[in-house]
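Trainee: one predicted model, sequence on top.
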Amino acid sequence: MAVPKKKVSKSRRDSRRAHNFRLVAPNLIPCPNCKAPTLPHRVCPTCGYYQGRQVINKEAEAAQ
Ligand SMILES: [Zn+2]
């Protein structure tokens, strides 16, 4: 069985674990239809467009 040669210090251990607790800003792109900030490869939450066509009818949803 493989045994660690040296004790891993608290600093080294914690800095390794801290990699999973990092803050990353979401990659926002302007919507090609309404120019609102939108996540890439997602239907635009503002106008409901994706790949140049309307996927969700926002006007019909607002009327309900
Ligand atoms: Zn949009």
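Mentor: The structure has been received and is ready for your questions.

Trainee: you'd agree L39 is up against N27?
Mentor: Yes - if you go by Cβ atoms under 8 Å, L39 and N27 touch, sitting 7.1 Å apart. Just so you know, the C-beta spots here come from the backbone N, C-alpha and C atoms, and that holds for glycine as well.

Trainee: who has more neighbours out of these two?
Mentor: It is L39, of L39 and N27, that has more neighbours when counted by other Cβ atoms under 10 Å, with 13 against 7.

Trainee: now stretch 30-37 - C-alpha only, CSV.
Mentor: The C-alpha coordinates for stretch 30-37 follow below in CSV (Å, rounded to 0.1, in the frame of the first residue of the first chain):
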residue,chain,number,x,y,z
PRO,A,30,-25.4,39.9,-25.1
CYS,A,31,-28.5,38.3,-26.6
PRO,A,32,-28.4,38.6,-30.4
ASN,A,33,-32.1,39.5,-30.4
CYS,A,34,-32.7,41.9,-27.4
LYS,A,35,-29.0,42.6,-26.3
ALA,A,36,-29.8,41.6,-22.7
PRO,A,37,-27.0,39.8,-20.9
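
Trainee: so which bits of the chain are right by the ion?
Mentor: Residues of the chain found near the ion (Cβ under 5 Å from the ion) are 31, 33-34, 44, 46-47.

Trainee: turn the residues you listed into a markdown table, including neighbour count, distance to R16 and secondary structure.
Mentor: Shown next, in a markdown table, are the residues of the chain next to the ion (neighbours: other Cβ atoms under 10 Å; distance: Cβ to Cβ, whole Å; DSSP: H, G, I helix; E, B strand; the rest coil):
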| residue | neighbour count | distance to R16 | secondary structure |
| --- | --- | --- | --- |
| C31 | 19 | 39 | coil |
| N33 | 16 | 43 | coil |
| C34 | 13 | 43 | coil |
| C44 | 23 | 38 | coil |
| T46 | 14 | 40 | coil |
| C47 | 19 | 43 | coil |
